[in-house]
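Peer 1: Using only what follows, build the 3D model:
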Amino acid sequence: MGALPAKDVGRALVTHFLAIWEQNEVLTALLRVGATNAAGAERMQGIFREQLLPIAERACPDPQQVPARAALVSSQLLGLALTRYVLRIPSAVALAPTVQRYLTAPSP
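Peer 2: Next up is the predicted model:
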């Protein structure tokens, strides 16, 4: 995603996230464990820290806002994962614009 213009990162991130979660039941299991177990939560935090922070660092207009913006994006993506893969509630339709705003808007 490093080669993408900042304006396209939100859509690419959501598309990538869904592609990975659609094919990987281990992530769903980790999410379930992470919601009830400290070690599982630490593992999920590590995954998001390793994978999302570098993307946020490249896309965010203000480096000081990277941690807060990455947390906002994480909340949206984990909420989507919880509703789609654990609770099996019909999927959210317009997530990419929210993720894009969290990453690149002047004030998320």
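Peer 1: can we go C-alpha only for contacts and neighbour counts from here?
Peer 2: Fine.
Peer 1: Quick check: residue 48 touching residue 74?
Peer 2: Yes. Residue 48 is in contact with residue 74 according to CA atoms under 8 Å; the separation is 7.1 Å.
Peer 1: tell me, how many neighbours does residue 16 end up with?
Peer 2: By the measure other CA atoms under 10 Å, the count of residues near residue 16 is 13.
Peer 1: Go ahead and list the helix or strand containing it.
Peer 2: helix 9-22 (DSSP states H and E).
Peer 1: For that helix, output the C-alpha coordinates as PDB.
Peer 2: Taking Å, rounded to 0.1, in the frame of the first residue of the first chain, the C-alpha atoms of helix 9-22 are listed here in PDB:
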ATOM      1  CA  VAL A   9      -5.400   4.000   1.200                       C
ATOM      2  CA  GLY A  10      -8.800   3.600   3.000                       C
ATOM      3  CA  ARG A  11     -10.400   1.600   0.200                       C
ATOM      4  CA  ALA A  12      -7.300  -0.500  -0.300                       C
ATOM      5  CA  LEU A  13      -7.000  -1.200   3.400                       C
ATOM      6  CA  VAL A  14     -10.600  -2.300   3.800                       C
ATOM      7  CA  THR A  15     -10.400  -4.400   0.600                       C
ATOM      8  CA  HIS A  16      -7.200  -6.100   1.900                       C
ATOM      9  CA  PHE A  17      -8.700  -6.600   5.400                       C
ATOM     10  CA  LEU A  18     -11.800  -8.300   4.000                       C
ATOM     11  CA  ALA A  19      -9.800 -10.500   1.600                       C
ATOM     12  CA  ILE A  20      -7.600 -11.800   4.500                       C
ATOM     13  CA  TRP A  21     -10.500 -12.300   7.000                       C
ATOM     14  CA  GLU A  22     -12.600 -14.100   4.400                       C
END
